[in-house]
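Novice: from the sequence below, what's the structure:
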Amino acid sequence: MTSRIATLQQSLPFFEWYGTSPHQERGGQPGVVDLLFGNPHDMPIPAYVEALQRHALPQHPGWFAYMFDDEGATGTAADGLRRHTGMDWDADDIAMTNGGWGAIAVGIRALVEPGDEVIYYDPPWFFYDLLIRGAEATPVTLRLEPPRFSPDPAALAAAITPRTRAVLLNTPHNPTGRILDDAELDAVAEVLRAASDRHGRPIYLLSDEAYRLIALDGRRAPSPAEHYERTLVLYSYGKQLLAPGQRIGYLALSPRIPAEERAGLREAVRIAQFVNSFSWPNALLQRALPDIADLVIDIPTLERRRDRLVPALAELGYEPTTPEGTFYVLARSPIEDDIAFAARLAEDDVFVLPGTTINLPGWFRISLTASDEMIEASIERFAAAREPVRA
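Specialist: Numbering: from 1, shown residues only. I've put the predicted structure just below:
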């Protein structure tokens, strides 16, 4: 293994843990309570399946040929952003990508030069660190402190250097379930404007909004683009559809970026898509997007599962969070070693994500995309796992 690959491998603590997890063998077996990933455990949205079936029928010989940005897809994405933000997004500033993963990778590659710095917040999505290092940039991490998990503007200002090129922000946030409010986003924007002026070059905000439509209790998740001009929105339809294996998303350049600067970014994004192994979605998903972009999984079902599980965990002493968005709940491990506690739960066929794998030791994450039966069965097993600790 080359030293470069060995260095990148260190960015994947999740896979180091998962390589020995019994979930690989037992995850899909009867009676297992699988709370580990945001994977579906109910059947897909019927209208989604029908749209894919309809668009899978070829209408000409080139139906499944190479496809870049389909006008129907970019127009749909721009329309969704207009309705959500009230801003005048241009379809020409939308780059369709193979999911949110592709959007993040392309956004980073389009912005950074070797040695540039990209700031992101812990606890993170698994792959931020890897994607930053893979683009030959340097990751810089800041903490989101419990219980509020709110970004500290003073800490952000102190972390920015002349080499800072971008700040990567995720809201609604995986794994905490926080939706950053307008005041928090204004504070981040103020820091970035001041730092850009101070260092004489723009600092971009990479806004990971994969869970934008998974907002609970009637909330709205504001986009950071509404607060900061130089924002690149990174989106995935896989979360709202709960179809993570059907990978379609986009990168969108804010219409508030100056026109000449935006034109240069368009070209940089296009080149980055090629470098990132043809980072466009397949033709079928792009053609189907106008029919599926407004479909969303059953939010009341997620709320019902949350409202059943969170009070039960609290009564058992786990100190759970109450998510405002996403489909995740965080809870404190009753012992310091969260990996050991996850292994204890696995003995009872309950699988959770240890916080250490996402730089949040002492916690674990639960996915509410588990079935109702799994959520119900988990409560008794969480109680049983807690008893030896109480003793």
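
Novice: chain center to stretch 200-216, what's the gap?
Specialist: Using Cα atoms, centre = their mean, to the nearest Å, the mean C-alpha position of stretch 200-216 is found 10 Å from that of the whole chain.

Novice: let me fix that: stretch 218-234
Specialist: 14 Å.

Novice: what residues sit buried inside that stretch?
Specialist: 221-234 (16 or more other Cβ atoms under 10 Å). C-betas here are computed from N, CA, C, even on glycine.

Novice: mind telling me what element Q240 is part of?
Specialist: Following DSSP states H and E, one finds Q240 within helix 238-241.

Novice: next, count neighbours for F278.
Specialist: F278 sits with 11 neighbouring residues when counted by other Cβ atoms under 10 Å.

Novice: again but with G99, I slipped
Specialist: G99 has 25 neighbouring residues, counting by other Cβ under 10 Å.

Novice: picking that back up, select from the buried residues of stretch 218-234 every entry located in helices.
Specialist: Among these, none falls in helices (DSSP state H).

Novice: tell me which strands and helices the worst-scoring helix or strand of the chain on mean pLDDT is in contact with?
Specialist: Across the helices and strands of the chain, mean confidence by mean pLDDT, DSSP states H and E is lowest for helix 3-9: a mean of 83. If you count contacts as 3 or more Cβ pairs under 8 Å, 6 or more residues apart in numbering; DSSP states H and E, helix 3-9 packs onto helix 128-134.

Novice: how about whichever helix or strand comes after the helix it packs on: buried residues?
Specialist: Going down the chain from helix 128-134, the next helix or strand is strand 138-143, by DSSP H and E. Neighbour counts using 16+ other Cβ under 10 Å place 138-140, 142 of strand 138-143 among the buried residues.

Novice: got the contact list for strand 138-143?
Specialist: 115-122, 124, 128-129, 132-133, 151-152, 155-156, 159, 163-164, 359 (Cβ atoms under 8 Å, 6 or more residues apart in numbering).

Novice: so which of those are in helices?
Specialist: 128-129, 132-133, 155-156, 159.

Novice: whichever of these end up buried, select them in PyMOL.
Specialist: Per 16+ other Cβ under 10 Å, the buried members of the ones in helices among the contacts of strand 138-143 correspond to this PyMOL selection:
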select buried, resi 128+129+132+133+156+159
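
Novice: farthest-separated two in the ones in helices among the contacts of strand 138-143?
Specialist: R133 and A155 (21.9 Å; Cβ to Cβ).

Novice: how about the residue nearest the centre of the chain, secondary structure?
Specialist: Closest residue to the average C-alpha location of the chain: A210 at 5.0 Å, with Cα atoms, centre = their mean. Using DSSP: H, G, I helix; E, B strand; the rest coil, the structure places A210 in coil.

Novice: residues touching it, list them.
Specialist: For A210, the contact set (Cβ under 8 Å, 6+ apart) comprises 100, 170, 174, 234-236, 238-239, 249.

Novice: at 7 Å instead, please
Specialist: For A210, the contact set (Cβ atoms under 7 Å, 6 or more residues apart in numbering) comprises 100, 235-236, 239.

Novice: repeat that for F127.
Specialist: F127 neighbours (Cβ under 7 Å, 6+ apart): W101.

Novice: mind checking how far it is from G317?
Specialist: Look at F127 and G317: by Cβ to Cβ, to the nearest Å, they are 33 Å apart.

Novice: how is the chain partitioned into domains?
Specialist: 3-44+297-390, 47-292 (automatic domain parsing).

Novice: need the pLDDT of the spatially closest residue to L213 that is not a sequence neighbour.
Specialist: Spatial nearest neighbour of L213, chain neighbours left out: Q240 (4.4 Å); criterion: Cβ to Cβ, 6 or more residues apart in numbering. Here, the pLDDT recorded for Q240 equals 98.

Novice: tally of neighbours for Q240?
Specialist: Residues lying near Q240 (other Cβ under 10 Å) number 21.

Novice: surely it meets I214?
Specialist: Yes - counting by Cβ atoms under 7 Å, I214 is a contact partner of Q240 at 6.4 Å.

Novice: my read: P151 touches V188, true?
Specialist: Yes - between P151 and V188 there is a contact at 6.1 Å, judged by Cβ under 7 Å.

Novice: what distance do you get for the closest residue to I104 other than its chain neighbours to V352?
Specialist: Nearest residue to I104 in three dimensions, chain neighbours excluded: L234, at 5.2 Å (Cβ to Cβ, 6+ apart). From L234 over to V352 the distance is 27 Å, taken as Cβ to Cβ.

Novice: wait, A187 touches A154, no?
Specialist: No - using Cβ under 7 Å as the test, A187 is too far from A154 to be in contact (9.5 Å).

Novice: so which of the buried residues of strand 138-143 comes closest to A288?
Specialist: The closest of those to A288 turns out to be P139 (Cβ to Cβ; 35.2 Å).

Novice: run a quick neighbour tally on S277.
Specialist: The local packing of S277 (other Cβ under 10 Å) involves 9 other residues.

Novice: tell me how far it lies from W101.
Specialist: As judged by Cβ to Cβ, S277 and W101 stand 12 Å apart.

Novice: could you do E117 as well?
Specialist: 21 Å.

Novice: could you do R178 as well?
Specialist: 21 Å.

Novice: the strands in the stretch 101-250 of the chain, which residues?
Specialist: For the stretch 101-250 of the chain, applying DSSP state E, counting those that start in this stretch gives strands covering 117-122, 138-143, 164-170, 204-208, 231-236, 249-253.

Novice: D372 is nearest to which of the ones you listed?
Specialist: For D372, the closest of the strands of the stretch 101-250 of the chain is strand 231-236, at 25.2 Å, according to Cβ to Cβ.

Novice: can you list the strands that that closest one pairs with?
Specialist: Strand 231-236 pairs in its sheet with strand 204-208 (parallel), strand 249-253 (antiparallel), by DSSP bridges.
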